[in-house]
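# Here is a sequence together with a model predicted from it:
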Amino acid sequence: MPQPWWGSAVLYEVYVRSFADSNDDGIGDLVGITSRLDYIRDLGVDAIWLTPFYPSPQKDHGYDVADYFDVNPEYGSLKDFDRLVARARELKVLVDIVPNHTSDQHRWFRAAIASPRSAMRRRYHFADPKPDGSPPNNWTSTFGGPAWSPEPNGKQWYLHLFAPEQPDLNWYHPAVQKEFERILKFWLDRGADGFRIDVASALFKRRDLADRPLVADRITGAPRLDWTFGIIDRPQLKDVYRRWRQIADGYEPRRVLVGEIFEARQHSMYILPDQLHMAFAIIHQRWDADLWRKSIDVSRRALLGPGIEPTWTLSNHDATRPVTRLGGGELGRTRARAALLLLLGLPGQVFLYQGEELGLEEADMPDSARQDPIFLRSQGRERGRDGCRVPMPWHRGRPNAGFSKSPPWLPMPPAWDRLAVDAQAGNGESVLGQFRRTVAARRRIARRLPHRLEWHAAPAGVLAYSRGPLTVACNFEDRPARLPVSGRLLLGSNLLVGLRFGSLRLPPNSAAWVLQ
Ligand code: TEU
Ligand code: CA
């Protein structure tokens, strides 16, 4: 059977608000993205995932959707979306769908709180407070505080797993299920090639809304609330995804569904021929060969079925930038380059987040500039996710590194000038140059690579695997390593990687691809 287009695809996450600004208002937009499609194509990726661009009060930067059938005026119009899809041609376009919650400005929720008798109330979770006036149960919000807020003018409370401006939908209600099928078809008919599904495993809540129990923390052993209790993996969810899959399969070519689900244990429940195509296997371990190998093995073992492989990723718009996680500065950048070689050699799909190809690190900014609800709701105790959402630097020497003539919605660090796209583009040894060569090489040899992966014996702190003719080796240590490998050096994460007389030399924190 020929592989579907996404079988070993590289997908690129575009954070719409921060990618490219066409009208110099400091905010990225769809026309901006369209004007940069050639840049994305030159990266060699197969698809883009666009973060939510729907009308939204932007309390969680688009993940609070007020209208699922339109485009936020800040980002453009439906026409701009159509043009983007048309211009993308062979590049696939995935849309972000947010089914767990709406914005509190969605017409359903506004109707629900307008009257205690509104039929719309059953589309959300309203409940009475406990007799002492406290929230209906002890569930907490991912963004801090209780998962319940009192409705503005009524007597009940409503559930929100995220910000209070993001009320959770009641997925037991048939109208909710129907509406989302309509939303899927709306975007698929407009030419979307599939969806990234937000908070994909939490749509259904326990019907009795029971209190969460205390469990022993896996690492510290200290008692803590089991946050997955009552919200994750309810049995009804699989039927929803079965219907969504039927919808996706009804289009020619078939559309894809990517669930925002990170736990390997859960992947085996949804990555099935009649449900989702992909979910994210994120490697967030610190820079340690054994931990990375374990992470790779756990994700691979979780999947069932021939040819089904994990969807690898190191980051997204919620995660600290890999360069920073792996040590920061030039050390972090060196390691992130090696990590990309390790990742892009694996069987399966790879998701990259905009700016990874430039080696961007987590940006610092004054507290007054921060906008993430996680930062705002914790009174600054948690830094939040703004640092990985700072706009793309395009041109060295221009104001705001060429992103916009106006100050961007999050400030651009001055040091990013030298990381700008045009500062790296001409240099084959830059992060961008290496990134392009690696994705191109992956594309060239993909057909010859079996899914099978074999680990090789290697010195401590070094990982080496092969897939048929390709051997990938990565040195996690701060000292050089040598490894017997035969073949031709295809790629090295830096210039000091060398292969002579069957001996691969890996400088500290480096990786190589060798082809037989
Ligand atoms: O994220 C879901 C999620 O679980 C994250 O909120 C995560 O726990 C958090 O970012 C901690 O870093 C998705 C989106 O990716 C995220 O941007 C949204 O804020 C969230 O859903 C709510 O829609
Ligand atoms: Ca703009």
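It's in. Ligands and ions are numbered 1, 2, ... in the order given.

# number of nearby residues for Asp208?
Asp208: 8 surrounding residues under other C-beta atoms under 10 Å. (C-beta placed from N, C-alpha, C; glycine too.)

# Retrieve the pLDDT associated with it.
We have a pLDDT of 92 for Asp208.

# List the residues that contact it.
By C-beta atoms under 8 Å, 6 or more residues apart in numbering, no residues touch Asp208.

# measure it to Gly230 for me?
Distance from Asp208 to Gly230, counting by C-beta to C-beta, to the nearest Å: 8 Å.

# Same question for Arg444.
Remark: distance between Arg444 and Gly230 (C-beta to C-beta) = 48 Å.

# Strands along the stretch 151-300 of the chain, start to end?
Here the stretch 151-300 of the chain has its strands, by DSSP state E, counting those that start in this stretch, at 157-159, 194-197, 214-216, 223-225, 256-259, 278-282.

# tell me which parts of this structure are close to ligand 1?
Within the chain, the positions near ligand 1 by C-beta under 6 Å from any ligand atom are 60, 63, 98, 142, 162, 198-199, 260, 317-318, 385.

# ok, of the residues you listed, which come out buried?
Neighbour-count burial (16 or more other C-beta atoms under 10 Å) applied to the residues of the chain next to ligand 1 gives 60, 63, 98, 162, 198-199, 260, 317, 385.

# Would you mind listing the two of those that lie farthest apart?
Val98 and Arg385 (16.2 Å; C-beta to C-beta).

# Next, count neighbours for Leu358.
Leu358: 22 surrounding residues under other C-beta under 10 Å.

# tell me the pLDDT at it?
Note on Leu358: pLDDT of 98.

# right, and it touches Val431 too?
Yes - taking C-beta atoms under 8 Å as the contact criterion, Leu358 and Val431 are neighbours in contact, 5.9 Å apart.

# so what's in contact with these two at the same time?
By the contact definition C-beta under 8 Å, 6+ apart, Leu358 and Val431 are jointly contacted by 419, 424.

# Ser315 is in contact with Glu356, correct?
Yes - assessed by C-beta under 8 Å, Glu356 is found in contact with Ser315 at 6.3 Å.

# Looks to me like His61 is in a helix.
No - counting by DSSP: H, G, I helix; E, B strand; the rest coil, His61 falls outside a helix, being coil.

# mind checking the SS state of the residue nearest to it when sequence neighbours are not counted?
Distance criterion C-beta to C-beta, 6 or more residues apart in numbering; nearest residue to His61, sequence neighbours excluded, is Arg17 at 6.0 Å. What three-state DSSP gives for Arg17 is helix.

# Now do Arg17 against ligand 1, distance only.
11 Å (C-beta to the nearest ligand atom, to the nearest Å).

# what sits against that residue?
By C-beta under 8 Å, 6+ apart, the contact set of Arg17 is 27-28, 51, 61-62, 75, 389, 391, 409.

# so who does the residue nearest the centre of the chain touch?
Nearest to the mean C-alpha position of the chain, by C-alpha atoms, centre = their mean, lies Asn316 at 4.0 Å. For Asn316, the contacting residues are 13, 280, 282, 351, 353, by C-beta under 8 Å, 6+ apart.

# before we move on, what about Ala192?
Ala192 sits next to 85, 93-95, 255 when contact means C-beta under 8 Å, 6+ apart.

# rerun at 6 Å
Counting by C-beta atoms under 6 Å, 6 or more residues apart in numbering, Ala192 makes contact with 93, 95.

# and the gap between it and ligand 1?
Remark: distance between Ala192 and ligand 1 (C-beta to the nearest ligand atom) = 18 Å.

# Now that residue: phi and psi?
For Ala192, the backbone dihedrals (degrees, to the nearest 10) come out as phi -60, psi 140.

# and the gap between it and ligand 2?
Going from Ala192 to ligand 2 by C-beta to the ion, to the nearest Å gives 22 Å.

# Please report the confidence value the model assigns to the residue nearest to the centre of the chain.
So Asn316 comes in at 98 (pLDDT).
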